[in-house]
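**Student:** Just a sequence and a predicted model for now, questions to come.
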Amino acid sequence: MGEDFNTDSMLDMFLYESEQLLETLDSTVLEKKDEECFDEESINEIFRVMHTIKGSSGIMMYENITKVSHKLEDVFYYLRESHPDNVPHLELVDHVLEVSDFITGELEKIKSGDTPDGDESKLVDEIDKFLTKVKTGISQKGEELPPENTYVEPEQFYIAPTGSESSKYYKVSIYWRSDTQMCNIRAYTAVYALKEVAEDIQYIPDDIISNEASGDVILEDGFHMLVQCQCSRDEVIAAIGETSGMERVEVNDCTKQEFELGFHEPEDHPIIIELDDKEKAQEKKPEKKEPAPGDYVIKNKEAGKSKKLAKNQPKQQPKQTYISVNVDKLDSLMDMIGELVISEATVLQNPDLKVPGLELSNFQKSASQLSKITTELQDVIMSMRMMPLTNTFQKMNRIVFDVSRKLGKDIELEVIGENTEVDKNIIEHISDPLMHLVRNSVDHGIESKEERIAAGKNPKGKITLEAKNEGGKVYIIVRDDGKGLNKEKLYEKARNNGLIGNRAMSEFTEKEIYQFITFAGFSTKEQVTEYSGRGVGMDVVVKNIQAVGGNLEIDSVEGGGSEMTMKIPLTLAIINGIVMQVGNSTFVVETNDIKEFVRVTKDMLVKEPDGEEYIMLREECYPFIRLNRRYHLDDSIAEIEEGIVVVLEHENKNVCVFIDQLIAEQEIVVKPIPSYIKKVQGLSGCTQLGDGSIALILDIAGLIAGEEKK
Amino acid sequence: MSEELDLMDDLDGREDTQKGMFMTFQIADECYGIAITYVQEIVGIQSITAVPETEDYIRGLINIRGKIIPVIDVRVRLKQEPREYTDRTCIIVIGVKSTVVGLIVDEIAGVITVNEKEIILPPSLSQSTAGNSKYVFGLSRVDNEVKLLLDPEKLIRDEDVEAFEDAAPAGEIAEA
């Protein structure tokens, strides 16, 4: 139904807002899940979220979302009004999370351009049953039922005239200031608000939704409605409310005949409320606090205190201090700043300044000021890309809750250091692996209640999720106090699956044995459950972590639990690198990958008959790569004693690379090689050097892999 | 949805003013043209960083205001002898869909306007004789000079597999 709208921005807004609201909802629910019931504040919060989603999805005409959120809103309306004390809390939590999932799923569909066609009826039925259950529980106690939630569903676009005798008729005209945008949407909002109090509404222009141009007409001539309703004029005004840009609202009485006639010339003596006039706006305020007929909550009873809370807060977004910026814009800003730094270098180190005897002290002063600013600018743009892990960890909370409940385990999740900030790109990459690790911990790590009691442990399992910053890397640790890993079993399994050949167990260190679980085709779980045990997983996890330049360490105490540590770089975008030259080409290697530089003499070089070469260094033998041969580079040094050998290390594998000379160590901004150029093994990206030329970044893992293939 | 419409409007607007306009450049003795809507900018030749293990016509990467752009040598792409770059050598930066590529050409000639109806389709006979005709979608005669109009998409896309198949019957297996 959403295709009636030709307003992408409105859809974006709806998606963004709904997602934010659902996030709030999830965190509120999960925060309270371990308590006995929701407190008043969280009930109000959930109610408010559902109310807003119901409203906005109603406007967007996503019927199923509206129905589901309305249903849940009913439940919380009831909870709020009658404070029942027999609510099965966990069941309620489940329902809320189900609704949240359902809506999230539908939003995904909308995002990818599909029609949100999820079937809501089952969910609605379940919640209905739940509500009835709670209600009957109450009525048996002889308490008074609160008034029914009488809300006119928003998908009823036109409400048939009921023609009641007592109906009053008004002619309503709304005028907006000339600089107001999207008047048609604003007008529709007013119609929407009135619909809840009115029995019938007619309006011109009548194509406000489908026709964007109608906004201009409204700006020019105002928006006119004929309203049939039971309420007073003031109530009508209050229902329309005051939105930004509204200049004045006129409400005139009219007769039934006039209503039936439709639109004609306006009346002579309209009551005009000048919204621009400050004094009058002040006067109007108390009126606004009157029960707004647009809000059904207030329609049937006195405004209670809790209601006020909900009513007064609806515009409060939890993340008001943030604005969302397109990542592309950030990237281009970063490009520009990188460019600025380079231009700065070319100016400050300009050869023209190198004339002997030049007096430059003032210039130097300004120059240092300039570099201070650019450095700071660089820091700021970097920090803009950083995001706290809070949201990611929040999701884990949810997973622990879901999986542990389905498996019948009682698990507590402790979160430490969720405010640690990581580059946004990295967060996207680690979310899945982290989810997997947490699931593993819940499913495989923590034992069942009986086993835990038998082992003399606290029957409640505990998973700790910790993030910390250490030495330019972020550590994300998933720790459980479950049964830990069994070395013998791991070894047996790895051998039976033919992953390690016939090597004896004593040949491996503890950590190496734990690493077996990250091998492809390895799963110690005998039975495949819904959550894990398919034997794909840990290897994918490790691959994903490696993709962002991180690694996974596993440690475990049998019977005492295990600990998975993801070490990931703070950012992908800037690395510390050593610039080196081979022939006419420059290469960069990440400083962390370099073990040492050595001058090699001829007798250290071992040559095999097939041409393969090795370097003997301190009684150890290293594979040797001549970059110039590897990449067919001309004009480079061939004589081993004239160049330099760099010893590189990656995941405990070493390789020696022969280059012509070293140039410098510097911070470099990593950029991808344009996708137009096919992937070259051993190269992971490129960067700009201080003089504007481009250097290629060597990927050690790729180099080693390429060497092994030979 | 409205964004798409905007885009359409935008394109329409551009097409009005740029329709039938071609940027022409010289490669060896021939004059080639490329629709001006693809052209983003023209820069002089600058230092190019070679990328190993790529096709011979991909000369490497250049840096234009912080953006790293691959460049291809049109001469080599059209299977002609490469020559030294001079100060007349230019790089035409074109954008085809989301790909941005620099084209190294001998010399920029100018901009011509071609009436769509006057574009002559290349005779099909030349398919097997001239190695470059698969990039040329039409010919145009302006001031008694024939311009070969290039299809930039085919020019930058790597269709060596196809070229290989095309060339095979003629016995022109140039590169494997």
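**Tutor:** Okay, I see it.

**Student:** Off-centre distance for stretch A:596-606?
**Tutor:** Per C-alpha atoms, centre = their mean, to the nearest Å, the displacement of stretch A:596-606 from the mean C-alpha position of its chain is 50 Å.

**Student:** Give me the contact list for it.
**Tutor:** Stretch A:596-606 has contacts (C-beta atoms under 8 Å, 6 or more residues apart in numbering or on different chains) with A:613-617, A:621, A:624, A:640-641, A:644-647, A:656, A:662. Placement of C-beta: from N, CA and C, glycine included.

**Student:** same deal with stretch A:679-686?
**Tutor:** When contacts are defined by C-beta under 8 Å, 6+ apart, stretch A:679-686 is touched by residues A:630-631, A:670-673, A:694-699, A:702-703, A:705-706, B:49, B:51-54, B:61, B:68.

**Student:** coming back round to it: which among the contacts of stretch A:596-606 count as buried?
**Tutor:** Listed as buried from the contacts of stretch A:596-606 are A:613-615, A:617, A:624, A:640, A:644-647, A:656; burial here means 16 or more other C-beta atoms under 10 Å in any protein chain shown.

**Student:** Going along the chain, name the helices of the stretch 351-500 of chain A.
**Tutor:** Assigned by DSSP state H, counting those that start in this stretch, the stretch 351-500 of chain A shows helices spanning A:361-384, A:390-407, A:424-440, A:449-454, A:487-496.

**Student:** buried set for the third one?
**Tutor:** Pointing back at helix A:424-440 there. A:424, A:426-427, A:429-431, A:433-440.

**Student:** So what angle separates the directions of it and helix A:390-407?
**Tutor:** Angle, helix A:424-440 to helix A:390-407, by axes from the mean of the first three to the mean of the last three C-alpha atoms, to 10 degrees: 20 degrees.

**Student:** Tell me which stretches of the stretch 601-710 of chain A form strands.
**Tutor:** Taking DSSP state E, counting those that start in this stretch as the test, the strands found in the stretch 601-710 of chain A are A:605-607, A:613-617, A:620-626, A:644-650, A:653-659, A:661-669, A:683-688, A:694-698.

**Student:** I meant to write chain B there.
**Tutor:** Using DSSP state E, the strands of chain B run over B:21-27, B:30-35, B:39-44, B:58-64, B:67-73, B:90-96, B:99-105, B:107-113, B:136-142, B:145-150.

**Student:** B:Val101 versus whichever residue of chain B sits closest to chain A, what's the distance?
**Tutor:** Proximity of chain B to chain A (C-beta to the nearest C-beta) peaks at B:Pro52, 3.4 Å away. Using C-beta to C-beta, to the nearest Å, B:Pro52 is found at 19 Å from B:Val101.

**Student:** One more: B:Arg83?
**Tutor:** 20 Å.

**Student:** Comparing those two, which shows the higher neighbour count?
**Tutor:** More crowded of B:Arg83 and B:Val101, by other C-beta atoms under 10 Å in any protein chain shown: B:Val101, with 24 against 11.

**Student:** And the spatially most central residue of chain B, what's its pLDDT?
**Tutor:** The structure's chain B has its C-alpha centroid closest to B:Pro152; by C-alpha atoms, centre = their mean the separation is 4.4 Å. Model confidence at B:Pro152, expressed as pLDDT, equals 86.

**Student:** A:Gln378 reaches A:Met336, doesn't it?
**Tutor:** No: A:Gln378 lies out of contact with A:Met336 (C-beta atoms under 8 Å); the separation is 11.1 Å.

**Student:** Would you map out the domains in chain A?
**Tutor:** Following the assignment in automatic domain parsing, chain A carries domains at A:2-140, A:168-312, A:327-385, A:387-569, A:574-709.

**Student:** looking at those domains, which has the lowest confidence?
**Tutor:** Of all the domains of chain A, the minimum mean pLDDT falls on domain A:168-312 (a mean of 61).

**Student:** secondary structure class for the nearest residue to A:Arg495 once chain neighbours are set aside?
**Tutor:** Spatially, and ignoring its direct neighbours in sequence, A:Arg495 is nearest to A:Asn502 (7.4 Å; C-beta to C-beta, 6 or more residues apart in numbering or on different chains). Following DSSP: H, G, I helix; E, B strand; the rest coil, we place A:Asn502 in the coil state.

**Student:** Contact partners for whichever residue of chain A sits closest to chain B?
**Tutor:** In chain A, the residue that lies nearest chain B is A:Tyr631 (3.4 Å; C-beta to the nearest C-beta). Taking C-beta under 8 Å, 6+ apart, we find A:Tyr631 in contact with A:582, A:585, A:682, B:52-53.

**Student:** do A:Asp480 as well
**Tutor:** Taking C-beta under 8 Å, 6+ apart, we find A:Asp480 in contact with A:441-442, A:445-446, A:461-464, A:561-563.

**Student:** between these, which has the most around it?
**Tutor:** The most crowded member of those, judged by other C-beta under 10 Å, is A:Ser441 (31 neighbours).

**Student:** ok, that one to B:Asn63 distance?
**Tutor:** Using C-beta to C-beta, A:Ser441 is found at 46 Å from B:Asn63.

**Student:** where does the residue of chain B closest to chain A land on pLDDT?
**Tutor:** For B:Pro52, the model assigns a pLDDT of 86.

**Student:** cool, and B:Thr89?
**Tutor:** At B:Thr89, pLDDT is 90.

**Student:** I'd say it and B:Val105 touch.
**Tutor:** Yes: checked against C-beta under 8 Å, the pair B:Thr89 and B:Val105 is within contact range at 7.2 Å.

**Student:** Which one of those two is surrounded by more residues?
**Tutor:** Comparing B:Thr89 with B:Val105 by other C-beta under 10 Å, the one with more neighbours is B:Val105, at 24 against 18.

**Student:** Bridging across strands, which residues link to the nearest residue to that one once chain neighbours are set aside?
**Tutor:** Distance criterion C-beta to C-beta, 6+ apart; nearest residue to B:Val105, sequence neighbours excluded, is B:Phe25 at 4.1 Å. In this structure, B:Phe25 bridges to B:Tyr32, B:Ile108 when assessed by DSSP bridges.

**Student:** Now find how far off-centre the one helix or strand A:Val99 maps to is within its chain.
**Tutor:** Assigned by DSSP states H and E, A:Val99 falls within helix A:89-111. How far helix A:89-111 lies from its chain's middle: 16 Å, per C-alpha atoms, centre = their mean.

**Student:** angle of it against helix A:390-407?
**Tutor:** Computed by the same axes, to 10 degrees, the angle separating helix A:89-111 from helix A:390-407 equals 120 degrees.

**Student:** Nothing else from me, thank you.
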